[in-house]
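Trainee: Would you be able to build a 3D model of this:
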Amino acid sequence: MEVLKDPVLRLYFKSLIGENGLKVLEKMPDEETTDEKIAELVGLDLNTVRRTLYILYENQLMRYRREKSEDSGWLTYYWKIDLKELDRIISDEVDKLKRILEQRLKFEEENVFYSCKYHSIRFVFDDAAEFGFKCPFCEEPLEYEDNSLIVDAIRRKLSELEGS
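Mentor: Model (predicted):
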């Protein structure tokens, strides 16, 4: 599938449907096909394929049509990839990431941090003061933490996202 050649989109799909889901997308035929046929093509169990298809469907990236057998009354689902909403979905994800980064930037800019050199825990000033500027786990003195590198990194990422 051509869209999976883009590393950003591949990463998005991997986070959405996992490594096995990527295998499903890579082998997904262009024409409508049944979940059983997809499982056969991909070499994965039917439940894994169905889980992937439903996740994609819930995220508006897959559609299906069902037919009822006149003989048995069984329903057969025919699945087809549908990426016409992908640009909007990715745009929404970028907007969500921007909001998260903006909140984190505000938190980093509005707080002073202290940390223990033996434990990887950060404390905001008020919490550090409450502990008497000593680590609550080992009683070692908490050290001032310069977060300017974090602030700069968040600003750079936000700048990159604004350009996209």
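Trainee: Residue ranges in this protein under the pLDDT threshold?
Mentor: 164 (pLDDT under 70).
Trainee: Longest helix in it, please.
Mentor: helix 86-110 (DSSP state H).
Trainee: Give me the contacts around it.
Mentor: 3, 8-9, 12, 59-61, 147, 150-151, 154-155, 157-158, 161-162, 164 (C-beta atoms under 8 Å, 6 or more residues apart in numbering). For the C-beta atoms, the positions are set from N, CA and C on the backbone; glycine is no exception.
Trainee: mind running it again at 7 Å?
Mentor: For helix 86-110, contacts defined as C-beta atoms under 7 Å, 6 or more residues apart in numbering pick out 12, 59-61, 147, 150-151, 154-155, 157-158, 161, 164.
Trainee: Any of those residues buried? List them.
Mentor: Among the contacts of helix 86-110, those buried by neighbour count (16 or more other C-beta atoms under 10 Å) are 12, 61, 147, 150, 154, 158.
Trainee: Pull the most distant pair out of those residues.
Mentor: 61 and 147 (37.9 Å; C-beta to C-beta).
Trainee: next one: stretch 145-164 to chain centre, how far?
Mentor: 20 Å (C-alpha atoms, centre = their mean, to the nearest Å).
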